[in-house]
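**Student:** can't give you the sequence, but here's the structure:
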């Protein structure tokens, strides 16, 4: 399946964001936009939560069974979702979210196998562990402090 128009320009940005350790900032922005959109997101809200949970587990070093290319695609999809100036600018009432929803749906469909593997991993975890792994602290800086130490 071909990537949505205008998505590919977010791939190098996503790679740089990951390599520079800026994932916490992105996750806070996604959580904020997701909360502000309320019911307009429908099922996409659950998909956003899953992608955010995967990113948090990846950031904390708890889940690494995902290819680097897939992780970059997920981050690029989240960046597209956040971008106010994409194929259909977000400030256009009603239509502004259509392309964001389409891109995230494409990411979910394209990475279905990897996302199913993550779901299976989550299902094997104790609820107490997931509560810690998937918890978003109050600030991005706190998440930075919680990051696992690199050897």
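**Tutor:** Received the coordinates, thanks. Computed from a predicted structure; not experimentally measured.

**Student:** Give me the contact list for stretch 120-130.
**Tutor:** Contacts with stretch 120-130, where a contact means CB atoms under 8 Å, 6 or more residues apart in numbering, come from 53, 57, 63, 65, 133. Any C-beta I mention is one placed from the backbone N, CA and C, and that applies to glycine too.

**Student:** which of those residues count as buried?
**Tutor:** 53, 57, 63, 133 (16 or more other CB atoms under 10 Å).

**Student:** Just give me the closest of the residues you listed to residue 33.
**Tutor:** For residue 33, the nearest member of the buried ones among the contacts of stretch 120-130 is residue 53. The distance, counting by CB to CB, is 16.3 Å.

**Student:** Show me what whatever helix or strand that closest one lives in is packed up against.
**Tutor:** For residue 53, the host element (DSSP states H and E) is helix 44-59. In terms of contacts (3 or more CB pairs under 8 Å, 6 or more residues apart in numbering; DSSP states H and E), helix 44-59 is packed against helix 23-37, helix 68-82, helix 98-110, helix 112-124, helix 127-133.

**Student:** For the first one, buried residues please.
**Tutor:** Going back to what we said before, that points to helix 23-37. 23, 24, 25, 26, 27, 28, 30, 33, 34, 37.
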